[in-house]
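*Asks:* I'll drop the sequence and a predicted model, then ask my questions.
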Amino acid sequence: MKKFIVFISVLLVALFAFSEESITLNLIEAFSSPWRTPTLNKIIEMFETLNPGVKINVISPPYETAYQKINLMVSTEQPLDIVEIGDWNLSTLAAMGKLEDLTPYINSWPEKNDLIDGILEAASIYHNTPYLLPHGLFAKALFYRPDILKKYGFNNYPKTMQELYDMGKKLTESDKNQYGFAFRGKGYPTSFIDAVVTSFFDDIDPDNMYLTKSGKIIFEDPRAVKALTFYVNIYKDTSPKDSINWGWDEQVNAFVSGITPLLFQDPDTTGMLNEMLKPGQYKTAPLPVGVSGKAYPSFGFVGWGIPTYSKHKDLAWKFIKFVSSAEINGYWSKSYGALPILKSVYKYDSYFSSYVFEGWTKMFEDKEHYQFTQYPLDNENWGKWNEFQEKTMQQVLLGKLSVVRCLKEWADFWKKAGIK
Amino acid sequence: MKHKRFVFFMILPTLLLISFVILYPTISGVLLSFKNYSVFNFGNIKWIGTDNFKEIFDDIFYIDVIWNTVKWIFFSVTFQLFFGFILALLMKEPFKGRGLYAGLVFYPWAISGFAIGLIWSWLLNGQFGVINDILIKLGFIKEGINFLSDPSLAMFSVILVNVWYGIPFFAIMILAALQSIPNSLYEAAEIDGAGYFTKLFKITIPYIKPTLINTILLRIIWVMNFPDIIYGMTRGGPAGSTEILSVKMINTVFYESNYSKAAAHGVIIVLILLIYTIMYLKLTSKKEFSL
């Protein structure tokens, strides 16, 4: 018995001594997935090896409820040191006053000048202050299947929305189950609708997708009628009727099987496509421009932030700095499918200058035709808007609601929501 | 007096447990429905009275949601009961391999509803669904049927899947009741010259009526609170044509991240079910229904 007590006390003392030396940082991620979480764990392992005594505890809530959990944890000051924040909950968290201003950290960071142009500004949507450092970018581009287009005599991708429509219509042979465009009907179709609608404009507010430069709601503009009618025609003439019920899964499946060789998607789709298609079987291109000769893609981003109440802010920044270095960011983006945040990564890793990323690199370079704009994500009604727009859009596609009436509903929605 | 106190202390643990797992969540859910609790304003949660309910009833689509819920419950439960009853009657007679057969037909009940929704959404897909493929190859149709994207077919499709899913439950419950009917009743009836249908309507159904009543009561409540299949298949679309109350509640959480409004939806569902249960029990507890 005596021996046992001695043994236990020695063990306790040892544990105590050990635990005093090691610091545990709590990290919560927003996009847990069977592909991404293991990559994150590998990066953390590297960081822990380089920094003995530091442990990082990863919290991976289910994808669907992650943002709610993060908001709740931060607002109630649960022990967190590193928080993954998306563009659409940044304002909410920052408005609570629970996010650390990262300006001093970023200013002292040598890689600051290597950041892609505009990314820091995009991350500073709340009070012009960077409350997070993005680790990945998203934007829609056109994905196409050269093998299938060639069969129908097309050697190039569509450069304008009209070309997209014409090409899609020529491809469509419903008795052969061949269609043109992989339409998105359900599950957040917002950015698909808006990519087409805004391409009919040439004066979109660079800070707000739904306003013109003169401050008018775009859905009240006569150009929106033409635009939305055009969008409905894309559905009617170039897409399967079933696509009104398509989410991401169905869209990508239809693209892979070749049923719809034209698709708008984010870079994270490349991960899956690389597994399912042979190299060169798909390519990316800039979004087609509209009648205005312009297109207005929106930047989505995810990044890391530090809660104000964290006790290990400097260490947390050390980790953020580590994952944002060119090598790690390249490795991360490749397995995750986001666009890297550093210019040097595109040169450093030939994967990012390959045909897979052509669509985005061309859009980034062509500032005249591609003006990146932002969604009113900080508006309280944003979530409601996604549901409302999806439902009313489906009614228009089914012919239950007219284009004009629908646009009026949309304009009324945003007037009531107080867009500014 | 002493005895009463003893009883009280004996049931106290149960009462506490029930209050903790049922009473507390119910009350906090009801309280929540009168607040403005959403992801966008954790910093400013306050009482807003009946605003959530007002907003729900102001929604022009809400009447469609109620109507969809009625259709969903009525057709699902009716066909589940009908086919479950037939299945139970068939399973009652012993035959070779009955155990294996029972295992096979009861297995849908063991799968999660959401998984069933996802499986069937691919089976019924208009472009690459197996069911369309079979129908085309058999020459019944030329182009795929848009089971889930045609608003006139979507409700039919989700109900079809729910019926497929729910038959085993009725079959299990009814089979258990059938097996408790004493054989002597049938023998006596046969001596009196009763045919198959006379026996069915005069002995079988009256005998299992209490089981039927309870099973139907439970099933209606469950089916109303069962968004899994619809959520997996259509999320309530296209254009809200399959949106029932419980799907609407989930959509309020996932799209709007508005917990208090979702709680208000929940309160409405509870109220409807409460009224329904009281009415149903009152109607069915009349003399003629008791055995």
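*Replies:* Noted; the coordinates are in hand. Numbering: from 1, shown residues only, chains lettered A, B, ... in the order given.
*Asks:* which positions in the stretch 1-150 of chain A make contact with chain B?
*Replies:* Neighbours of chain B within the stretch 1-150 of chain A, by C-beta under 8 Å from any C-beta of the partner chain: A:64, A:67-68, A:71-72, A:75, A:89, A:92, A:95-96. Using the backbone N, CA and C atoms, a C-beta is placed for each residue, glycine as well.
*Asks:* quick check, nearest of those to residue A:369?
*Replies:* Of all the residues of the stretch 1-150 of chain A next to chain B, residue A:369 sits closest to residue A:89, with 31.0 Å by C-beta to C-beta.
*Asks:* OK, contacts around residue A:99?
*Replies:* A:74, A:83, A:85, A:93, A:131-132, A:305-308 (C-beta atoms under 8 Å, 6 or more residues apart in numbering or on different chains).
*Asks:* no, scratch that, I was asking about residue B:111
*Replies:* residue B:165.
*Asks:* and the residue of the stretch 201-350 of chain A found nearest chain B, how far is that from residue B:234?
*Replies:* Closest to chain B within the stretch 201-350 of chain A is residue A:242: 2.9 Å, counting by C-beta to the nearest C-beta. Counting by C-beta to C-beta, to the nearest Å, the separation of residue A:242 from residue B:234 is 11 Å.
*Asks:* point out where the chain drops to low pLDDT.
*Replies:* Since no chain was named, I'll use chain A. A:1-21, A:64 (pLDDT under 70).
*Asks:* I was after chain B.
*Replies:* B:1, B:40, B:42-43, B:286-291.
*Asks:* which residue is nearest the centroid of it?
*Replies:* residue B:223 (1.3 Å; C-alpha atoms, centre = their mean).
*Asks:* immediately after the helix or strand hosting that residue, which helix or strand?
*Replies:* Element membership for residue B:223, per DSSP states H and E: helix B:205-224. Using DSSP H and E, the helix or strand that follows helix B:205-224 in sequence is helix B:228-233.
*Asks:* quick one: residues in contact with that next one.
*Replies:* Contacts of helix B:228-233 (C-beta under 8 Å, 6+ apart): B:72, B:112-118, B:120-121, B:124, B:148, B:157-158, B:161-162, B:165, B:236, B:242-244, B:247, B:250.
*Asks:* among those, which ones are in helices?
*Replies:* Using DSSP state H, B:72, B:113-118, B:120-121, B:157-158, B:161-162, B:165, B:247, B:250 are the members of the contacts of helix B:228-233 that sit in helices.
*Asks:* can you select the buried ones from the contacts of helix B:228-233 in PyMOL?
*Replies:* A single PyMOL command selects the buried members of the contacts of helix B:228-233 (16 or more other C-beta atoms under 10 Å in any protein chain shown):
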select buried, chain B and resi 72+113+116+117+118+120+121+124+148+157+158+161+162+165+236+242+243+244+247+250
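*Asks:* number of residues surrounding the closest residue to chain A within the stretch 1-150 of chain B?
*Replies:* Nearest to chain A in the stretch 1-150 of chain B, going by C-beta to the nearest C-beta, is residue B:126, at a distance of 2.9 Å. Neighbourhood size, residue B:126 [other C-beta atoms under 10 Å in any protein chain shown]: 25.
*Asks:* burial of residue 259, as a residue count?
*Replies:* I went with chain A, as the question did not name one. Using other C-beta under 10 Å, residue A:259 has 23 other residues around it.
*Asks:* was after chain B, sorry
*Replies:* Around residue B:259 there are 21 residues (other C-beta under 10 Å).
*Asks:* with the one 3 residues further on instead?
*Replies:* The number of residues packed near residue B:262 is 24, by other C-beta under 10 Å.
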